[in-house]
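Enquirer: Got a predicted structure here, sequence first:
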Amino acid sequence: MTGNFDSIINENRPVIVDFHAVWCGPCKTQSPILKQVAEELGERVRVIKIDVDKNQAIAGRYQIQSVPTLMIFKNGEIKYKQAGVHTKAQLTNILHNIQ
């Protein structure tokens, strides 16, 4: 997964990475919000989900200590990182400021 992950976050468009866990209640709240953002923005953004229990190396590399944590990458650079559930309005605003 690591090689594929690195190529994805190096894309020219913003990539939202949702670090989550299947046992996490707030993660279940975040998921449909991310789906709405992805549907609304289409090709302008990419959303991927990383299960921290199955991808401990990637979670460790970015020091993910709580879930959900959202990170936004563009051209391989970290543009945003914050733990907690984000609203659609928050995410849209953050993405607007990145582009």
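Expert: Received it, and whenever you're ready, just let me know what you need. Numbering: from 1, shown residues only.

Enquirer: Can you list the helices and strands that the helix or strand where Asn4 lies packs against?
Expert: Here Asn4, judged by DSSP states H and E, is contained in helix 2-9. If you count contacts as 3 or more CB pairs under 8 Å, 6 or more residues apart in numbering; DSSP states H and E, helix 2-9 packs onto strand 15-20, strand 46-51, helix 56-61. For glycine as for every other residue, the C-beta is placed from the backbone atoms N, C-alpha and C.

Enquirer: Show the average pLDDT along the last one.
Expert: Right, the one you point to is helix 56-61. Per-residue pLDDT values over helix 56-61 give a mean of 96.

Enquirer: How about the first one?
Expert: Confidence over strand 15-20, taken as the mean pLDDT, stands at 98.

Enquirer: Report the strands that pair with that strand, each with its relative direction.
Expert: strand 46-51 (parallel), strand 69-74 (antiparallel) (DSSP bridges).

Enquirer: Now the element after the last one, going C-ward?
Expert: If I follow you right, that is strand 69-74. As assigned by DSSP H and E, the chain's next helix or strand after strand 69-74 is strand 77-83.

Enquirer: Please name the strands paired to that next one in the sheet, noting orientation.
Expert: Going by DSSP bridges, the partners of strand 77-83 are strand 69-74 (antiparallel).

Enquirer: Identify the residues contacting the partner strand?
Expert: Contacts with strand 69-74, where a contact means CB atoms under 8 Å, 6 or more residues apart in numbering, come from 9-19, 30, 62, 78-84, 86, 91, 94-95, 98.
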